[in-house]
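Engineer: Here you go, sequence then predicted model.
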Amino acid sequence: MTTGTTGALPEDMDTERTGQTEETGGQMTFFEHLIELRKRIINSLIAIALGAAAGWFVAPKFVNVIAKPIQTVLAAHHYNAQLYYTGPTDYLGLLIKLSIYIGLVLASPVVLYQVWMFVAPALYKHERSAVTGFVFSTVLLFLGGIAFGFFLALPHILGFLVGFQGPVAPLIRINDYFDLVLLVLVALGLVFELPVLIFLLCYFGIVTPKFLVQNTKYAILAITIVAAIVTPTPDALTMLLVMVVMLGLYFLGVGVAWIALRNRNRRVVAEAKGT
């Protein structure tokens with residue numbers, strides 16, 4: 001009887017250890033973490049390099065797509081709808097830069113997967129699902145900001161800039177134009193991360209959804225300042241458009257944070273009652 005009892009203990013202990021491993025992930029030493037990090041960085045760089053190589057072949061087509069808004073605006077104001085480069089290497093440099101950007105976009109799923117594989121072993125199961133949703137929403141919001149900038153904000157900005165008629169005609173360098181497009185799109189992509197920022201502030205207890213709702217007037221003031229910064233023109237219509245979208249994102253972030261915190265509090269209460 002004694003032998004049977006002692007023989008069952010290791011199996012129970014193994015089962016308990018297995019459950020803990022599945023819940024919290026494996027443990028690694030500091031040097032094992034460095035080796036794993038090195039592996040993930042190398043894999044990410046390889047993915048970006050392959051994406052940039054593929055982007056080189058489609059970069060000329062992207063130039064045509066990105067140049068379309070300014071060409072439309074120039075034609076609407078009866079100007080020559082043509083972009084220019086003034087240095088022998090300007091267009092080549094533009095294609096290389098655009099290829100790298102395309103490579104980053106194409107490789108982003110692989111890079112995010114590498115980040116996930118590095119972080120996931122140290123997380124609990126419920127934390128893994130939360131991080132997955134966090135990463136997905138971050139990418140989706142950033143792409144939404146780029147789409148908003150390209151299809152809505154950029155045409156208004158270009159129309160305002162080109163709309164100044166005078167005794168001179170615009171001679172637009174393609175590199176200057178692409179720098180402006182990149183500034184607008186990246187800025188609006190970051191602006192669309194506002195719900196994620198609000199969620200993190202609330203989740204870590206820095207602010208509460210109730211506090212944010214009660215201080216909406218200060219949020220509107222901050223949104224007005226940010227909208228004035230990210231729109232490189234004094235065009236009131238474009239600034240108002242960005243402000244309305246940012247205000248919607250603000251309340252979206254507050255709503256998501258309120259729901260997430262309510263669910264977390266309910267789970268904590270249920271676990272306390274269970275113990």
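Structural biologist: Received it, and whenever you're ready, just let me know what you need. Numbering: from 1, shown residues only.

Engineer: List the contacts of M117.
Structural biologist: R40 (C-beta atoms under 8 Å, 6 or more residues apart in numbering). Heads up, the C-betas are built off the backbone N, CA and C, glycines and all.

Engineer: Distance of it relative to L45?
Structural biologist: The spacing between M117 and L45, counted by C-beta to C-beta, to the nearest Å, is 15 Å.

Engineer: and if you look at S99?
Structural biologist: Between S99 and L45 the distance is 15 Å, computed by C-beta to C-beta.

Engineer: More neighbours: which of these two?
Structural biologist: Using other C-beta atoms under 10 Å as the criterion, S99 and L45 rank with S99 on top: 20 against 13.

Engineer: Which positions within the helix or strand hosting the more buried one qualify as buried?
Structural biologist: Assigning secondary structure by DSSP states H and E places S99 in helix 90-119. For helix 90-119, the neighbour count (16 or more other C-beta atoms under 10 Å) marks 91, 94-95, 98-103, 106-108, 110-112, 114, 118 as buried.

Engineer: quick check: mean pLDDT across that helix?
Structural biologist: Per-residue pLDDT values over helix 90-119 give a mean of 87.

Engineer: Could you tell me which residues make contact with the closest residue to I41 other than its chain neighbours?
Structural biologist: The spatial neighbour of I41 that comes closest, neighbours along the chain excluded (C-beta to C-beta, 6 or more residues apart in numbering), is Q114 at 7.8 Å. Residues touching Q114, when contacts are defined by C-beta under 8 Å, 6+ apart, comprise R40, I41, N43, S44, A47.

Engineer: Lowest-confidence entry in those residues?
Structural biologist: In this model, the minimum pLDDT among those belongs to R40 (90).

Engineer: So that residue lies in a helix, does it not?
Structural biologist: Yes: the assignment for R40 by DSSP: H, G, I helix; E, B strand; the rest coil puts it in a helix.

Engineer: hang on, isn't it packed against F118?
Structural biologist: Yes: using C-beta atoms under 8 Å, R40 is in contact with F118, at 4.7 Å.

Engineer: model confidence over stretch 61-76, on average?
Structural biologist: Stretch 61-76 shows an average pLDDT of 93 in the prediction.

Engineer: any idea how far it is from the chain center?
Structural biologist: Taking the mean of its C-alpha atoms, stretch 61-76 sits 25 Å from the chain's own mean (C-alpha atoms, centre = their mean, to the nearest Å).

Engineer: Contacts for it, please.
Structural biologist: Where contact means C-beta under 8 Å, 6+ apart, the residues beyond stretch 61-76 that reach it are 80-83, 94-95, 98, 102, 150, 154-155, 158-159, 162, 170, 172, 174, 177-178, 181.

Engineer: Just the buried residues out of these, in ChimeraX syntax.
Structural biologist: With 16+ other C-beta under 10 Å as the criterion, this ChimeraX line picks the buried residues out of these:
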select :81,83,94,95,98,102,150,154,155,158,159,162,172,174,177,178,181
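
Engineer: which ones among the contacts of stretch 61-76 are found in helices?
Structural biologist: When DSSP state H defines the helices, the subset of those inside them is 94-95, 98, 102, 154-155, 158-159, 162, 174, 177-178, 181.
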